[in-house]
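Novice: Give me coordinates for this.
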Amino acid sequence: MAILEIVKDPDPFLRQVSREVTVFDAPLHQLLDDMTETMKSANAIGIAGVQVGQLYRVCVLDVRGGILEMVNPVITHTAREKKGDEGCISIPGATVSAARHHDITVEFQDRDGIHLRRAFKGIEAVCVQHEIDHMDGRLMTDFVG
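Specialist: Residues are numbered from 1 along each chain as shown. This is a model prediction of the structure:
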């Protein structure tokens, strides 16, 4: 595994929309492994492909059950919106108060293309939304104001 360089704001690359993953192969597995190593080295709880220079709809999260890889995630249900503070490894030192849903359901694929569905609550739900925003070219600072 390798620690990848984290793309930092204001790099316009972060504003690009990521592409759907259609091939589930060794290069994808390596990317997910490298993203996990990079996330851990940055003491983060989530990282999206665009943050390491890869425009693929992938993210890795450090959730209660361990490391979770999500490929092509789509939020299918939301509830309980409230404001809370969040940070981002692509915007070092910044914290914003953003409104996020604290109950969500997400459909996604794993590294082998298997379709899954999972419910998230609290900080995990916030993290998933944050990473999906990255895939859509949005940053946490877009939600301030």
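
Novice: use CA for all of it now, contacts and neighbours both
Specialist: OK.

Novice: on contacts alone, who are the packing partners of whichever strand or helix holds Pro27?
Specialist: Assigning secondary structure by DSSP states H and E places Pro27 in helix 26-41. In terms of contacts (3 or more Cα pairs under 8 Å, 6 or more residues apart in numbering; DSSP states H and E), helix 26-41 is packed against strand 46-48, strand 58-63.

Novice: now with 7 Å?
Specialist: strand 46-48 (3 or more Cα pairs under 7 Å, 6 or more residues apart in numbering; DSSP states H and E).

Novice: So for the strand it packs on, what gets flagged as buried?
Specialist: 46-48 (16 or more other Cα atoms under 10 Å).

Novice: Val58: how many residues sit nearby?
Specialist: Using other Cα atoms under 10 Å, Val58 has 31 neighbouring residues.

Novice: again with Phe108
Specialist: The local packing of Phe108 (other Cα under 10 Å) involves 20 other residues.

Novice: Quick one: name whatever helix or strand follows the host helix or strand of it.
Specialist: Assigned by DSSP H and E, Phe108 falls within strand 95-109. Downstream of strand 95-109, the first helix or strand assigned by DSSP H and E is strand 115-121.
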